[in-house]
Each structure stands twice: as C-alpha cells, then as structure tokens.
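Novice: just to be clear, the model below is a prediction. Sequence and coordinates:
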Amino acid sequence: KQWYQRRVAITAGKESQSEIVSQTTARQEADVFDKEKRIRNVVITTVPESSLTEIKDRIAADKLIAATVLDVTTDQIERCYRAGPPLGSGSNKERTKPRPLVVVLATPDLARSKHKYGNGCKVLKDGEDYWINPDLSQAERRANYEARQKRRERTKDSGFKGLLTGGTESENSGNVATY
C-alpha cells in the first residue's frame, strides 16, 4: 500500500511538472512570435502629436515626421501608428508627454540600422531631440528594466561618483587609475 501511495505522489508531481514545462514552453513560443512580429518596427519617442482633426491627415503627418527623423523615404515606411490611448482620454487625462510613434519599415535590416542594432540612439532634427529604439516585447522590456535596476544598485553600492553624476575630480581621484 505504501508503494502505491508513493507512486501516486510521484505521478502527481510529474503531472504538475509537465504542466509547468508546457506553460513555460508556450510562453517562450509567444515571446519568440512577438519578437519576430516586431523585428521591422522602430519606436520614436518625443514626437509631438498632430492637432489635425482627420485621422488620415494625422497619419500622413506622422509618416512624414518619421521619414524625416529616420532619413528614409516614405516608400520605405509601410505604416506608422501611435502606441496607447490618445492624450486626454481615460486614464491619460493628465498625461503631458506624446505617445510613442511606432514605425513599421520595409525590411528588418533597415530597422536594425536605424536603432543602432538594439542600442537605441538620440537624433537631433530641426532643433528637436528624438529617441529611436527597437520595438521590444513585454518580456524584453521587463528584462531590460531588471538589468537597469541591478546596474543602478551596483553603482550605488560601489560608492563611485562619476564626473557626469555630480562628483568632482578630487572626490573621484581614488576611483581613477593613473598610468
């Protein structure tokens, strides 16, 4: 009888493990599909939203701005759209920053070259600063956020004050190797 109870307990544990494995596999497959879907996308932030009333006119204005910022022709842009609900609607009533502009380009190579192969970049056009980044999946955004938090924690714990973060040269003299 004990042998049977032990076998039932082991079998029950394997079923839960197989469920966990199948759920994890499904989640990974969804992440891969989502990443492949976004491979030609570029996200441009700080692009002011158009005040035009017609949707077609706003889309055309966004496409023209995207072509200017990315240094491409409008033919190389398949489509572009704003991510998220419009300003002043729902929970965004107090939001002041414009919604990100998602641009779908003709080829993945063109998209990778525009956001500097995943690193993102800042572009100055017509006196305005624009940020160009890859369109990341939720899992990638979460991983990047956690990496930034760990990096901040490491730099905070190390006690290093860089010149760019407000430290002076005399405060940092022990932190810089001299040759």
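Specialist: Here it is on my side, so go on. Numbering: from 1, shown residues only.

Novice: spit out the contact partners of the residue nearest the centre of the chain.
Specialist: Geometric centre of the chain, nearest residue: Leu136, 4.1 Å, by C-alpha atoms, centre = their mean. Going by C-beta atoms under 8 Å, 6 or more residues apart in numbering, Leu136 touches 38, 144. Just so you know, the C-beta spots here come from the backbone N, C-alpha and C atoms, and that holds for glycine as well.

Novice: how close does it get to Asp126?
Specialist: Per C-beta to C-beta, to the nearest Å, Leu136 is found 27 Å from Asp126.

Novice: circling back to that earlier point, so the residue nearest to the centre of the chain lies in a strand, does it not?
Specialist: No. Using DSSP: H, G, I helix; E, B strand; the rest coil, the secondary structure at Leu136 is coil, not a strand.

Novice: where do the helices of this structure begin and end?
Specialist: If DSSP state H is used as the criterion, the helices of the chain fall at 2-37, 55-70, 108-114, 138-158.

Novice: contact partners for Arg58?
Specialist: So Arg58 contacts 49-50, 52 (C-beta under 8 Å, 6+ apart).

Novice: 10 Å instead?
Specialist: Arg58 makes contact with 49-52, 82, according to C-beta atoms under 10 Å, 6 or more residues apart in numbering.

Novice: among these, the buried ones, what's the PyMOL command?
Specialist: Buried residues among those (16 or more other C-beta atoms under 10 Å), as a PyMOL selection:
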select buried, resi 50+82
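
Novice: pLDDT and distance to Glu19 added to the contacts of Arg58, as CSV?
Specialist: Shown next, in CSV, are those (pLDDT from 0 to 100; distance: C-beta to C-beta, whole Å):
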residue, pLDDT, distance to Glu19
Glu49, 88, 45
Ser50, 87, 49
Ser51, 87, 52
Leu52, 90, 51
Arg82, 92, 39
